[in-house]
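Asks: The amino acid sequence is not available; the structure is as follows:
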């Protein structure tokens with residue numbers, strides 16, 4: 001079944017697909033994503049890639065470097081981001097009906113007014129102070145979510161697979177795959193395989209954004225002051241404790257580098273390969289058969305978000321299209337466009353995208369960039385001279 005589909009990756013600052021741009025997979029040039037909440041750069045790498053844009057590099061130098069060569073990593077989502085202080089309080093923003101919302105948010109109505117703020121317990125005062133400085137390590141989350149139920153399409157052995165994931169890969173994961181809007185989020189602090197406090201680097205010889213666990217001089221000092229371990233695995237374990245997460249703040253105006261990678265998800269065979277367990281995921285990709293109007297594309301969405309405020313910083317979407325729905329130049333045929341339209345409608349129905357989005361007309365740069373990336377040939381050969389379409393998809 002996998003051979004009938006071709007994959008495309010898009011990214012944007014929120015769930016609104018009209019604000020997304022196509023990500024040139026395995027290109028060393030990062031994609032810039034900006035909003036009033038964050039400035040971000042993104043590289044997506046997929047080993048043995050056969051997707052869009054046409055003639056994309058099949059791999060990246062990233063995978064030949066350690067630890068990725070030894071790990072046999074299959075993909076990477078590398079993010080360099082600088083959080084911005086919100087122009088207005090989160091309470092004034094429209095939030096989605098998200099079941100993963102933290103319990104602290106539900107208690108906001110119980111917090112005394114400013115005239116009574118002196119009576120706040122020290123812990124709540126500290127929390128308020130942290131929110132002024134940046135995003136708490138308890139609140140920055142990364143993971144997957146869906147706009148529609150998938151419970152009736154979960155494969156046999158799903159619970160067993162999830163136990164392996166939580167035990168072997170990320171004990172910090174939490175979610176509900178059986179909800180009307182399923183989600184699986186983990187604290188960014190324990191979910192990302194590498195966290196670098198500082199600018200990191202962009203090196204074409206290493207596949208673009210490149211950073212290892214640690215930070216620049218100032219970043220290393222901040223980590224040491226917090227007691228954060230120097231080694232990635234130790235930091236991930238350290239971040240599982242609420243007391244440690246609460247000490248870490250992703251400060252406004254400061255730059256952080258995050259890299260999420262593993263050898264478990266194969267985007268070419270569409271299978272999840274866990275220790276002692278392999279799960280074909282094509283037919284379960286996003287619960288497609290549950291829809292009243294079955295569509296011809298299927299999506300997997302990664303989200304960087306705020307647990308307490310429901311604010312979204314970055315959304316990366318892996319979409320599978322039928323090959324016959326894609327033009328030779330890589331643009332979408334009407335059937336694929338209709339499928340994308342259905343995705344937009346589901347996002348609106350879920351409450352994650354406003355029914356009438358005023359900002360779309362104000363973000364023509366995203367739409368224009370999307371059109372350019374849509375037909376982009378990012379192969380090395382294409383940069384020097386024309387090459388015929390080799391049909392790699």
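Replies: Received the coordinates, thanks. Remember, it's a predicted structure, so these values are computed and weren't measured experimentally. Numbering: from 1, shown residues only.

Asks: Let me see the backbone angles for residue 85.
Replies: The phi/psi pair for residue 85 (degrees, to the nearest 10) reads phi -70, psi 130.

Asks: Report how many residues lie close to the residue lying closest to it once chain neighbours are set aside.
Replies: Counting by Cβ to Cβ, 6 or more residues apart in numbering, residue 85 lies nearest to residue 252, which is 4.2 Å off, once chain neighbours are set aside. For glycine as for every other residue, the C-beta is placed from the backbone atoms N, C-alpha and C. Neighbourhood size, residue 252 [other Cβ atoms under 10 Å]: 16.

Asks: check contacts around residue 252.
Replies: Neighbour list for residue 252: 83-85, 133-134 [criterion: Cβ atoms under 8 Å, 6 or more residues apart in numbering].

Asks: The stretch 51-200 of the chain: helices as residue ranges?
Replies: 68-71, 103-106, 122-133, 158-164, 188-191 (DSSP state H, counting those that start in this stretch).

Asks: and the ones you listed, which one's lowest on average pLDDT?
Replies: Mean pLDDT is lowest for helix 103-106 out of the helices of the stretch 51-200 of the chain, coming in at a mean of 37.

Asks: Got phi/psi on residue 29?
Replies: Per degrees, to the nearest 10, the backbone of residue 29 is at phi -90, psi 120.

Asks: Hmm, it is touching residue 208, no?
Replies: Yes: between residue 29 and residue 208 there is a contact at 6.5 Å, judged by Cβ atoms under 8 Å.

Asks: Who has more neighbours out of those two?
Replies: residue 208 (26 against 13).

Asks: Quick check: beta-bridge partners of that one?
Replies: Per DSSP bridges, the residues bridged to residue 208 are residue 203.

Asks: and it, what pLDDT?
Replies: The per-residue pLDDT reported for residue 208 equals 98.

Asks: Show the contacting residues for it.
Replies: 27-30, 43, 45, 60, 62, 78, 202.

Asks: Ok, residue 209 next?
Replies: Neighbour list for residue 209: 30, 41-43, 78-80, 200-202, 257, 259 [criterion: Cβ under 8 Å, 6+ apart].

Asks: next one: residue 223
Replies: Neighbours of residue 223 in contact, by Cβ under 8 Å, 6+ apart: 197, 214-215, 230.

Asks: Mind checking which of the residues you listed are buried?
Replies: 197, 214-215 (16 or more other Cβ atoms under 10 Å).

Asks: Pass me the low-pLDDT residue ranges in the stretch 251-393 of the chain, would you?
Replies: 274-295, 355-393 (pLDDT under 70).

Asks: For it, which segments count as strands?
Replies: Counting by DSSP state E, counting those that start in this stretch, the stretch 251-393 of the chain has strands at residues 256-262, 265-266, 271-274, 277-280, 297-306, 312-322.

Asks: could these go into TSV alongside distance to residue 333 and mean neighbour count?
Replies: TSV is the format used below for the strands of the stretch 251-393 of the chain (distance: least, Cβ to Cβ, whole Å; neighbours: other Cβ atoms under 10 Å):
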stretch	distance to residue 333	mean neighbour count
strand 256-262	32	23
strand 265-266	27	18
strand 271-274	27	17
strand 277-280	27	15
strand 297-306	11	22
strand 312-322	9	22
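
Asks: Residue 36: which of the ones you listed is closest?
Replies: Residue 36 lies closest to strand 312-322 among the strands of the stretch 251-393 of the chain, at 10.7 Å (Cβ to Cβ).

Asks: which helices and strands sit right next to the closest one?
Replies: Using 3 or more Cβ pairs under 8 Å, 6 or more residues apart in numbering; DSSP states H and E as the contact definition, the elements that strand 312-322 packs against are strand 5-12, strand 38-46, strand 75-83, strand 297-306, helix 334-350.

Asks: before we move on, back to that, now do the shared contacts for residue 29 and residue 208.
Replies: Applying Cβ under 8 Å, 6+ apart, one finds that no residue jointly contacts residue 29 and residue 208.

Asks: Pull out the buried positions in the strand or helix carrying residue 33.
Replies: Using DSSP states H and E, residue 33 sits in strand 31-34. In terms of neighbour count (16+ other Cβ under 10 Å), strand 31-34 has its buried residues at 31, 33.

Asks: one step back: now for the contacts of residue 209: which two are most distant?
Replies: For the contacts of residue 209, and using Cβ to Cβ, no pair is farther apart than 42 and 201, which are 15.2 Å apart.

Asks: what about these two, which has more around it?
Replies: Here residue 42 and residue 201 are compared on neighbour count by other Cβ under 10 Å; more neighbours surround residue 42, at 22 against 13.

Asks: When you filter the contacts of residue 208 down to buried only, what's left?
Replies: Judged by 16+ other Cβ under 10 Å, buried ones among the contacts of residue 208: 27-28, 30, 43, 45, 60, 62, 78, 202.

Asks: Make a markdown table out of the residues you listed and add distance to residue 53 and pLDDT.
Replies: A markdown table is the format used below for the buried ones among the contacts of residue 208 (distance: Cβ to Cβ, whole Å; pLDDT from 0 to 100):
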| residue | distance to residue 53 | pLDDT |
| --- | --- | --- |
| 27 | 9 | 98 |
| 28 | 15 | 97 |
| 30 | 16 | 98 |
| 43 | 15 | 98 |
| 45 | 14 | 98 |
| 60 | 15 | 98 |
| 62 | 18 | 98 |
| 78 | 19 | 98 |
| 202 | 20 | 97 |
